[in-house]
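Enquirer: can you look at this prediction? I've put the sequence above it.
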Amino acid sequence: MIRFENIEYFWFLLFGVIFLGVYMAYNSWKRSASKNFSSHKQLEGINPNTSDTKNILKFVLLLLALVFLVIGLADPKIGSKLEKVKREGIDLMLVLDVSNSMMAEDIKPNRLERSKMAISNLIDRLQGDRIGIIVFAGHAYKQLPLTTDYSAAKLFLSAVDSKIVPTQGTAIGEAIDMSVESFDEKEHNKAIIIITDGENHEDDAVVAASKALEQGIKVFTIGMGLPDGAPIPLYNDYGGQTGFKKDKDGKTVVTKLNEDMLRQIAAAGNGAYSRANNGSSGLSKIFDEINSIQKKEIETKQFTDYEHRFQIYIFVAIIILLLEFLINKRRSKWARKFDLFGKLENNK
């Protein structure tokens, strides 16, 4: 397993993108300017020893050196010792609604982003629990299997948006069923936390919660939205808002929090319901309920010793820079001797 100690250094890779853009723009301008003043044959006569191929090769080597240097600065570490670790906790499946209605902005910045912030805060407060992530809209999808790697959980969470599912809708029941199937058969206490606006259009979520409880799995719900509701914004491919979703009659669709549905799901799953608003994510109440569940010993395997590997990448970067320095921009004498096409032109 590889992890990076200083991931903020990866921002320096943006300089590589900038350098590439400037280099391509400069070469384009250079070719355009050359055509205005002389032909390609005349340019070769003015400076016959210049090698465009070597110039490109030198630039590519510089970019590679930058990549390896940045990776080295980020300080990659490789896990060298895998050990069994015992800890007390529960198995917790986080179920997140990513349907278009979660883009409504009655809760700032919008329902989905606020939900992700709430989950991130929950992860920060967990100790020893295994967590997994399932996202759903028209269908449910497993985003992350059960793990104690909270850093990985946050990484997967950051990639969640409303575009990662191909079918729109709100299949809460299917998401509950998938959560139940995602738990293993170990004798750990288990719970499901559903974060949604409660607009269920696909199945019977209350029945699914009852079936989960029959297997000893509690179901908690967090209502993300306000009772008055809000319109659903529409965006283009560049992230700019183009308007609001409308129905077949041309009226703006207003999505409202369905608290009754979420209360019924929580009751059927012997859990609790909490509502988020602009002042609170509704997390504290649910977290207290989760903590009241008896925790059992969980045995997992994880890397306990990590070895630094930045030296390898720094060394490779130095070798590439030396190679770039040794490459001459001018054509070699050997290449000029075998310039057959040039000789043919001269003979003509």
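Expert: Received it, and whenever you're ready, just let me know what you need. Residues are numbered from 1 along each chain as shown.
Enquirer: what about Ser158, neighbour count?
Expert: By the criterion of other CB atoms under 10 Å, Ser158 has 10 neighbours. Just so you know, the C-beta spots here come from the backbone N, C-alpha and C atoms, and that holds for glycine as well.
Enquirer: for Asp124, which non-adjacent residue is spatially closest?
Expert: Among residues not flanking Asp124 along the chain, Tyr150 sits closest, at 7.9 Å (CB to CB, 6 or more residues apart in numbering).
Enquirer: now for the one you found: which residues touch it?
Expert: 123-124, 126, 131 (CB atoms under 8 Å, 6 or more residues apart in numbering).
Enquirer: quick check, pLDDT for it.
Expert: At Tyr150, the model reports a pLDDT of 88.
Enquirer: over to Asp75?
Expert: pLDDT, Asp75: 86.
Enquirer: which ones are touching the nearest residue to it once chain neighbours are set aside?
Expert: In space, and not counting its chain neighbours, Asp75 is closest to Glu5: 3.8 Å by CB to CB, 6+ apart. When contacts are counted by CB under 8 Å, 6+ apart, Glu5 touches 74-77.
Enquirer: neighbour-wise, which of the contacts of Tyr150 leads?
Expert: The residue in the contacts of Tyr150 with the most neighbours, by other CB under 10 Å, is Ile131 (24 neighbours).
Enquirer: ok so that residue is a strand residue?
Expert: Yes: secondary structure of Ile131 (DSSP: H, G, I helix; E, B strand; the rest coil): part of a strand.
Enquirer: tally of neighbours for the closest residue to it other than its chain neighbours?
Expert: Nearest non-adjacent residue to Ile131, counting by CB to CB, 6+ apart: Leu92, 4.9 Å away. By the measure other CB under 10 Å, the count of residues near Leu92 is 24.
Enquirer: by contact count, what packs against the biggest helix by length in the chain?
Expert: Under DSSP state H, the helix in the chain containing the largest number of residues is helix 13-37. When contacts are defined as 3 or more CB pairs under 8 Å, 6 or more residues apart in numbering; DSSP states H and E, helix 13-37 sits against helix 52-73.
Enquirer: tell me the mean pLDDT over the longest helix of the chain?
Expert: 81.
Enquirer: report the angle between that helix and helix 52-73.
Expert: 170 degrees (axes from the mean of the first three to the mean of the last three CA atoms, to 10 degrees).
Enquirer: could you pull out the strands in this structure for me?
Expert: 2-4, 76-89, 91-97, 130-136, 140-147, 190-196, 217-223, 230-231, 233-235, 241-244, 254-255, 273-275, 296-308 (DSSP state E).
Enquirer: that older thread, can I get the contacts of Glu5 in TSV with neighbour count and distance to Thr167?
Expert: Below are the contacts of Glu5 laid out as TSV (neighbours: other CB atoms under 10 Å; distance: CB to CB, whole Å):
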residue	neighbour count	distance to Thr167
Ala74	20	38
Asp75	16	42
Pro76	19	38
Lys77	18	40
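Enquirer: so where's the stretch 151-300 of the chain shaky on pLDDT?
Expert: Along the stretch 151-300 of the chain, the model assigns pLDDT under 70 to residues 200-202, 294, 296-300.
Enquirer: for it, just list every one of the helices.
Expert: Shown for the stretch 151-300 of the chain, the helices assigned by DSSP state H, counting those that start in this stretch span residues 172-182, 205-214, 259-268, 283-292.
Enquirer: now for the first one, which elements pack on it?
Expert: It refers to helix 172-182. Counting contacts by 3+ CB pairs under 8 Å, 6+ apart, helix 172-182 packs against strand 91-97, strand 130-136, strand 140-147, strand 190-196, helix 205-214, strand 217-223.
Enquirer: redo that, cut-off 10 Å
Expert: Counting by 3 or more CB pairs under 10 Å, 6 or more residues apart in numbering; DSSP states H and E, the packing neighbours recorded for helix 172-182 are strand 91-97, strand 130-136, strand 140-147, strand 190-196, helix 205-214, strand 217-223, helix 259-268.
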